[in-house]
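Peer 1: show me the folded form of this:
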Amino acid sequence: MDGRLQIFAGNSHPGLAAEIMTHLEAPLGRALVGEWKNGETRVKLEENVRGCDVFVIQSMCNPVDHHLVELLLMIDALRRASAARITAVVPYYAYAKQEKKTTGREPISAKLVANLICTAGAHRILTIDLHAPAIEGFFDIPVDHLRATPPLARHFKRQGLDGVVAVSPDAGGVQRAEDFRVRLGGSLAIISKRHPGPDVTEALEMVGDVDGKVAVIVDDMISTGGTLTIAAELLRQRGAAAVHAAATHGIFAADALDLIDRSPLDRLFVTDTLPLPATGPRTKLEVLTIAPLLAEAIMRIHKDLSISALFT
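Peer 2: Model prediction:
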């Protein structure tokens, strides 16, 4: 590898790609990423990448399958153009909720997506807050798994809030909420929930005291908003003085933004791993950029420096 760094981006999240390049103080690599008249995806690199260390920025946002194919074709084009190393920078990894079979005759979609990325020719993956950490094991290449908890906790710390309770909306997110609590101070609460059907959530019980305190629901993604609103309602019932939420991925499927706007939630903070929907109320929403973290990680990978040092 001759040491040259080249960074390209698909069409999924041009705003985030531009922000990352601003922090890196470099231009994006030139590439044609579009569609043929028959609807098929068209990719053509317009830079010499032979022997380069190349990063491809592509978040798997809606339409998910289209942006996944863009990523795969860009990786394949880079491999065939003799790039020395190809890193897929995937801020949001789609299909992460489908990491296991819950009933018979179902695919393990997250594993298939990992296979596709590896087969296309990626040498490593850089991603943020996989819904299931076990997905790292689906790849036969190195995975640099970043966490958004540190920057989110730093933002809340700057607010100077007292009596904060970090709330995990389910048992699976306790470690994330505990990390947030340690960085911010305060206590921990856990909500028990179940899913009687797809995208349907019911809260069962809560462990922890939130009476008169500021509750911060800590989650990795907001999809339909059902879990978030139910948790906010329960916290209000238990006497929380204020209810905020901090999440990495703002998917906001269907009418999620309307649901959140009508909920007892005071404020929702998400990162910009995904672009916001074109419509929907945003009065309770604040977006924090994850670009500095991704830019730093890209440079550390390029220079073969530690990624773990970002989270100390």
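Peer 1: please count neighbours and contacts with C-alpha atoms only from this point.
Peer 2: OK.
Peer 1: list phi and psi for Lys213.
Peer 2: Note on Lys213: its backbone torsions stand at phi -110, psi 170 [degrees, to the nearest 10].
Peer 1: what sits up against the helix or strand hosting Val69?
Peer 2: In this assignment (DSSP states H and E), Val69 forms part of helix 64-80. Under the contact criterion CA atoms under 8 Å, 6 or more residues apart in numbering, helix 64-80 has outside partners 10-12, 33, 41, 43-45, 49, 56, 58-61, 86, 88, 94, 116-117, 120-122.
Peer 1: quick check: next helix or strand after that helix?
Peer 2: Heading C-terminal from helix 64-80, the first helix or strand you meet, by DSSP H and E, is strand 85-90.
Peer 1: how close does the spatially most central residue of the chain sit to Ile75?
Peer 2: Centre of the chain computed as the mean C-alpha position; nearest residue by CA atoms, centre = their mean is Tyr92, 3.8 Å away. Between Tyr92 and Ile75 the distance is 17 Å, computed by CA to CA, to the nearest Å.
Peer 1: and Thr22, by the same measure?
Peer 2: 23 Å.
Peer 1: of these two, which one has the most company?
Peer 2: Using other CA atoms under 10 Å as the criterion, Thr22 and Ile75 rank with Ile75 on top: 27 against 15.
Peer 1: all strands of the protein, in order?
Peer 2: With DSSP state E as the criterion, the chain has strands at 5-9, 31-35, 41-45, 53-57, 85-90, 124-128, 143-146, 164-168, 187-197, 200-207, 214-222, 242-250, 267-271, 285-288.
Peer 1: nearest to Thr103, of those strands?
Peer 2: strand 187-197 (12.5 Å; CA to CA).
Peer 1: for the closest one, the averaged confidence score.
Peer 2: Averaging pLDDT along strand 187-197 gives 81.
Peer 1: beta partners of His249?
Peer 2: Here His249 sits in beta bridges with Met221, going by DSSP bridges.
Peer 1: quick one: it and Tyr92 touch, right?
Peer 2: Yes. Using CA atoms under 8 Å, His249 is in contact with Tyr92, at 7.0 Å.
Peer 1: common neighbours of those two, please.
Peer 2: Thr273, Leu274.
Peer 1: what sits against the closest residue to Lys101 other than its chain neighbours?
Peer 2: Spatial nearest neighbour of Lys101, excluding adjacent residues (CA to CA, 6 or more residues apart in numbering): Ile108 at 6.1 Å. Shown in contact with Ile108 (CA under 8 Å, 6+ apart): Gln98, Glu99, Lys100, Lys101.
Peer 1: among these, which one has the most neighbours?
Peer 2: Most surrounded of those: other CA under 10 Å gives Glu99, at 19 neighbours.
Peer 1: for the residue nearest to the centre of the chain, what are its contacts?
Peer 2: Ser59, Met60, Cys61, Thr127, Ile128, Asp129, Leu130, His249, Thr273, Leu274.
Peer 1: list just the nearest of the residues you listed to Leu112.
Peer 2: Taking CA to CA as the measure, Leu112 sits nearest to Met60 out of the contacts of Tyr92, at 14.3 Å.
Peer 1: need the contact list for the closest one.
Peer 2: Taking CA under 8 Å, 6+ apart as the test, what Met60 contacts is Ser12, His67, Leu68, Val90, Pro91, Tyr92, Tyr93, Ala94.
Peer 1: looking at the strands of the chain, which is closest to Ser306?
Peer 2: strand 143-146 (10.1 Å).
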